[in-house]
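*Asks:* Turn this into a structure:
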Amino acid sequence: MRWTPLAALLALGAPFALSAEVVDHDDLESVVSLPECALDAVGAQRWLFTHASVGGNLLEGLDDLHAAEPGRYRLATTWVGYNDGALQCDPPPATTVPGTVYECGRGNPGWQDKLTIFERSVGLAGWESPAVDAAMDKLCYIDQDADAGAYLAALDALATAHPATTFVHTTMPLTTGEDADNVLRNLYNEAVRAHCAAGGELLYDVADMEAHDPEGAEQTFLSAGTAYQKLYSGYTGDGGHLDAELGHRRVALGWYAAAATLAPCHVFTDNFETRDTGRWTTAAP
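*Replies:* This is a model prediction of the structure:
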């Protein structure tokens, strides 16, 4: 996804436009250029996020951004219980709070159960609109054997059954390894990217953010003559989890980039106004 900074567009007397579905490493620097109205809209969103340890790293990044600049990065996180016997997150409170990511740490029971937990949390526990605006389930780097088709089919079915809720896709996190497991993770991610690009679903491309260093250089390895992405070593202390210095912040900024594509916003110029459609759009006179 690409977008032109707001200041440049306003200088040209043109409308600010942001419209794309795949959010990857190219979008991170532009988060600092998001206009106030977009940040206001993101700060009104309510999310469900089911996850394990790398998801916890991501949430720590959101908390760090919020603590450092609460007026700009307004998403706060709050814990939701998990019922292991029922394979679902606890139900939402009677009233959910705008600007909140409701995080359900369901651990690592196996990738099939992770999909079941997400499906049941939405369909049975009630984590859908109007309780939340968006819901996201992230598999882990230990799920390298997961079937991308099953994941995509599950999210498609949820989107059909709950059309008022946005279901955000994610790629599988990588490791620094140059082995068959990291090849499998890449193949899974390529399938998810292709599906989202073809169908217009929103993809929060965690793996692509992990695989580019702060200067934008892609980290790859060769296997059977093909280049595959790997986690940049500067984001991790153990080869898989994200550290607090660089990795946390990077993927947290990526969350804001993804959230901004769902943020209705009006930006006025001398001659144009963007339309409030729920996504950035080109303006009409």
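
*Asks:* what number of residues lie near Thr95?
*Replies:* For Thr95, the count of nearby residues is 6 (other CB atoms under 10 Å). Where you see a C-beta, it was placed from the backbone N, CA and C, and this is true even at glycine.

*Asks:* Tell me what the residue nearest the centre of the chain is bridged to.
*Replies:* When CA atoms, centre = their mean is applied to the chain, the residue found nearest the centroid is Tyr204 (3.6 Å). With DSSP bridges as the criterion, Tyr204 is bridged to Val23, Thr170.

*Asks:* Please report the distance of Asp26 from Val168.
*Replies:* Separation of Asp26 from Val168 (CB to CB, to the nearest Å): 18 Å.

*Asks:* And Val101, by the same measure?
*Replies:* Distance, Val101 to Val168, using CB to CB: 12 Å.

*Asks:* Check Val206 too.
*Replies:* Distance from Val206 to Val168, by CB to CB: 11 Å.

*Asks:* Mind listing the shared neighbours of the two?
*Replies:* Counting by CB atoms under 8 Å, 6 or more residues apart in numbering, no residue touches both Val206 and Val168.

*Asks:* out of those two, which sits in the busier spot?
*Replies:* Val206 (27 against 23).

*Asks:* and the more buried one, what does it touch?
*Replies:* Contacts of Val206 (CB under 8 Å, 6+ apart): Val54, Leu58, Lys138, Thr170, Thr171, Met172, Pro173, Val251, Gly254.

*Asks:* repeat for Phe221
*Replies:* Contacts of Phe221 by CB under 8 Å, 6+ apart are Glu178, Asn182, Ala227, Tyr228, Lys230.

*Asks:* Report the beta-bridge partner residues of it.
*Replies:* With DSSP bridges as the rule, Phe221 is bridged to Tyr228.

*Asks:* Relative to Leu87, which of the contacts of Phe221 is nearest.
*Replies:* Relative to Leu87, the closest of these is Asn182; by CB to CB it sits at 28.9 Å.

*Asks:* Only alpha carbons, please: show the helix or strand hosting the closest one as PDB.
*Replies:* In the assignment (DSSP states H and E), Asn182 maps to helix 180-199. Extracted C-alpha coordinates of helix 180-199, given in PDB (Å, rounded to 0.1, in the frame of the first residue of the first chain):
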ATOM      1  CA  ALA A 180      12.300 -25.700   6.000                       C
ATOM      2  CA  ASP A 181       9.900 -24.300   8.600                       C
ATOM      3  CA  ASN A 182      10.600 -20.800   7.600                       C
ATOM      4  CA  VAL A 183      10.000 -21.800   4.000                       C
ATOM      5  CA  LEU A 184       6.600 -23.100   5.100                       C
ATOM      6  CA  ARG A 185       5.800 -19.900   6.800                       C
ATOM      7  CA  ASN A 186       6.600 -18.000   3.600                       C
ATOM      8  CA  LEU A 187       4.400 -20.200   1.500                       C
ATOM      9  CA  TYR A 188       1.500 -19.700   3.900                       C
ATOM     10  CA  ASN A 189       2.100 -15.900   3.800                       C
ATOM     11  CA  GLU A 190       2.300 -15.800   0.000                       C
ATOM     12  CA  ALA A 191      -1.100 -17.600  -0.200                       C
ATOM     13  CA  VAL A 192      -2.700 -15.100   2.300                       C
ATOM     14  CA  ARG A 193      -1.200 -12.100   0.400                       C
ATOM     15  CA  ALA A 194      -2.500 -13.400  -2.900                       C
ATOM     16  CA  HIS A 195      -6.000 -14.000  -1.500                       C
ATOM     17  CA  CYS A 196      -6.200 -10.500   0.100                       C
ATOM     18  CA  ALA A 197      -4.900  -8.700  -3.000                       C
ATOM     19  CA  ALA A 198      -7.300 -10.500  -5.200                       C
ATOM     20  CA  GLY A 199     -10.400 -10.200  -3.000                       C
END
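
*Asks:* what's the model's confidence in it, averaged?
*Replies:* Averaging the model's pLDDT scores along helix 180-199 yields 97.

*Asks:* residues of that helix that come out buried?
*Replies:* If you call a residue buried by 16 or more other CB atoms under 10 Å, then helix 180-199 has these buried ones: Asn182, Val183, Leu184, Arg185, Asn186, Tyr188, Asn189, Ala191, Val192, Arg193, His195, Cys196.
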